[in-house]
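**Student:** Take this sequence and fold it.
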Amino acid sequence: MPKYLLEVVQQPVQAHMSGFGDKRRSIDPPPIVKLTLLDDRGQAMQSNPVDLTFFSIHVDLWSRIKVISLDAPHHVRNLLGSLISSAYYLSDTNGKAGIFFIFPDLSVRTEGRFTLRFSFIDLSQNSSNSSSLVLARIFSSPFTVYSAKNFPGGCEPTKLTKQFIKQGIRVPTRRTLLKPSLLEDEEQG
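**Tutor:** Next comes the predicted model:
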């Protein structure tokens with residue numbers, strides 16, 4: 001049975017707080033997590049033949065020092081958006097293929113310093129009590145959520161984000177949804 005190693009290959013840096021209204025603003029840049037399968041000796045296994053159908057990662061919000069879960073039942077839900085990502089088999093900016101999980105639709109309601117915890121599960125490995133076991137976890141680096149008056153402005157999409165968009169991943173931006181065709185136009189013009 002393989003072991004699993006998670007790496008946050010694109011760290012969240014900042015976000016404009018979403019507050020409690022209808023308008024949400026995504027964490028920038030979108031967090032991206034890479035999964036590596038390890039053999040019994042701790043060596044990376046070839047991930048190409050692996051069935052990714054049941055692989056997923058759940059994300060939750062923690063304090064910047066990784067002590068308190070801020071999405072616990074006694075707290076107001078502070079992290080919004082798509083909290084689960086399916087696995088994608090993609091090539092990175094060096095052309096190296098791997099298993100990636102992308103979180104382009106996460107936003108935080110309140111300002112402050114936070115970190116994200118990513119929990120990997122393989123839904124095909126159900127335990128006897130019908131809940132899935134967490135097979136690997138990793139925390140992001142701390143990031144800052146700013147109020148409207150202190151927000152320094154959004155960042156340009158990263159090279160990794162653009163690389164994944166070219167492969168069909170949709171990533172929302174402030175004005176529009178970046179699509180592969182828009183990137184091609186941008187590169188030609």
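**Student:** can you pull the contacts of residue 50?
**Tutor:** Counting by Cβ atoms under 8 Å, 6 or more residues apart in numbering, residue 50 touches 37, 99. (Each C-beta comes from the backbone N, C-alpha and C, glycine too.)
**Student:** so it sits in a strand?
**Tutor:** No - judged by DSSP: H, G, I helix; E, B strand; the rest coil, residue 50 forms no part of a strand; its state is coil.
**Student:** ok, now how distant is it from residue 103?
**Tutor:** 21 Å (Cβ to Cβ, to the nearest Å).
**Student:** Could you tell me how many residues sit around the spatially closest residue to residue 32 that is not a sequence neighbour?
**Tutor:** Spatial nearest neighbour of residue 32, excluding adjacent residues (Cβ to Cβ, 6 or more residues apart in numbering): residue 10 at 3.8 Å. Residue 10 has 20 neighbours, counted by other Cβ atoms under 10 Å.
**Student:** same thing with residue 15?
**Tutor:** Look at residue 15: counted by other Cβ under 10 Å, it has 22 neighbours.
**Student:** For it, give the beta-bridge partners.
**Tutor:** residue 145 (DSSP bridges).
**Student:** my guess is it contacts residue 145, does it?
**Tutor:** Yes - using Cβ atoms under 8 Å, residue 15 is in contact with residue 145, at 4.6 Å.
**Student:** per-residue pLDDT, residue 77?
**Tutor:** With respect to pLDDT, residue 77 scores 82.
**Student:** And for residue 22?
**Tutor:** Residue 22 is given a pLDDT of 69.
**Student:** now swap in residue 182 and tell me
**Tutor:** Residue 182 is given a pLDDT of 54.
**Student:** buried residues in the longest strand along the chain?
**Tutor:** Criterion DSSP state E: the longest strand present in the chain is strand 112-126. Buried residues in strand 112-126, counting neighbours by 16 or more other Cβ atoms under 10 Å, are found at 112, 114, 115, 116, 117, 118, 119, 120, 121, 122.
**Student:** contacting residues around the fourth one?
**Tutor:** Yep, that's residue 116 we're talking about. Contact analysis of residue 116 by Cβ under 8 Å, 6+ apart lists 12, 31, 59, 60, 61, 62, 79, 103, 106, 139, 140, 143.
**Student:** how close does it get to residue 102?
**Tutor:** 13 Å.
**Student:** Helices along the protein, start to end?
**Tutor:** Remark: helices assigned in the chain by DSSP state H are 159-166, 180-188.
**Student:** where among the ones you listed is the average confidence lowest?
**Tutor:** helix 180-188 (a mean of 55).
**Student:** now the strands for the chain?
**Tutor:** Going by DSSP E, the chain shows strands at 3-10, 14-16, 32-38, 55-63, 79-81, 84-86, 88-91, 97-102, 106-108, 112-126, 132-139, 143-146, 171-172, 177-178.
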